[in-house]
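Enquirer: build me a model:
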Amino acid sequence: MTTPQATGPSNRASGHARGAGSCTVIALRTAKSITEPLGDLIKVTKQIGTAGDLDHEIDIKREDEIGELSRTFNSMVGYLREMASVSEAIAVATFRLRSNLAPRMTPWVTLLNAWWKV
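Expert: Numbering: from 1, shown residues only. Below you'll find the predicted structure:
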């Protein structure tokens, strides 16, 4: 003979408590799965912003919006590295050009300055 299960208020309350506990665990895990990668992204962004250090990448392998943000961020950092390299090459070339032209231009500059004073 089986005994009937009690379905009174105390059993329902404990079922609700277990359900609420499960929901809390799920909510905390979900929040952590979002806040941890965003925290990493913020940390690296601050390093780049304050020190200009472009030797960082975010390593988040996910197929959701957080993963897309990580891939886009890494792409942006790669582009910034490229632009920094181009800027440096332009600065070096400009310096070399000015260094080579300055001795040759001195007589012309002197002549032009004299002409403007007349």
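
Enquirer: now do the helix or strand where Val25 lies: distance to the chain's middle.
Expert: Assessed by DSSP states H and E, Val25 sits inside helix 9-51. Centroid separation between helix 9-51 and its chain, computed with C-alpha atoms, centre = their mean, to the nearest Å, is 22 Å.

Enquirer: and whichever helix or strand comes after it, what does it pack onto?
Expert: Counting by DSSP H and E, the next helix or strand C-terminal to helix 9-51 is helix 65-117. For helix 65-117, the packing partners by 3 or more C-beta pairs under 8 Å, 6 or more residues apart in numbering; DSSP states H and E come out as helix 9-51. Yep, even glycine has a C-beta here, placed from its N, CA and C like the rest.

Enquirer: by contact count, what packs against the helix it packs on?
Expert: Using 3+ C-beta pairs under 8 Å, 6+ apart: helix 9-51 touches helix 65-117.

Enquirer: quick check: angle from the helix it packs on to helix 9-51?
Expert: Per axes from the mean of the first three to the mean of the last three C-alpha atoms, to 10 degrees, the angle that helix 65-117 makes with helix 9-51 is 20 degrees.

Enquirer: and the average pLDDT for helix 65-117 is what?
Expert: For helix 65-117, mean pLDDT is 85.

Enquirer: buried ones in stretch 28-45?
Expert: Pro37, Leu41, Val44 (16 or more other C-beta atoms under 10 Å).

Enquirer: so for it, what's the average pLDDT?
Expert: Rounded mean pLDDT across stretch 28-45 is 89.

Enquirer: who touches it?
Expert: Residues outside stretch 28-45 that contact it (C-beta atoms under 8 Å, 6 or more residues apart in numbering) are His56, Glu57, Ile58, Ile60, Arg62, Ile66, Leu69, Ser70, Phe73.

Enquirer: what sits against the last one?
Expert: Right, Phe73. With C-beta under 8 Å, 6+ apart, Phe73 has these contacts: Leu41, Val44, Thr45, Ile58.

Enquirer: again, only using 7 Å
Expert: Leu41, Ile58 (C-beta atoms under 7 Å, 6 or more residues apart in numbering).
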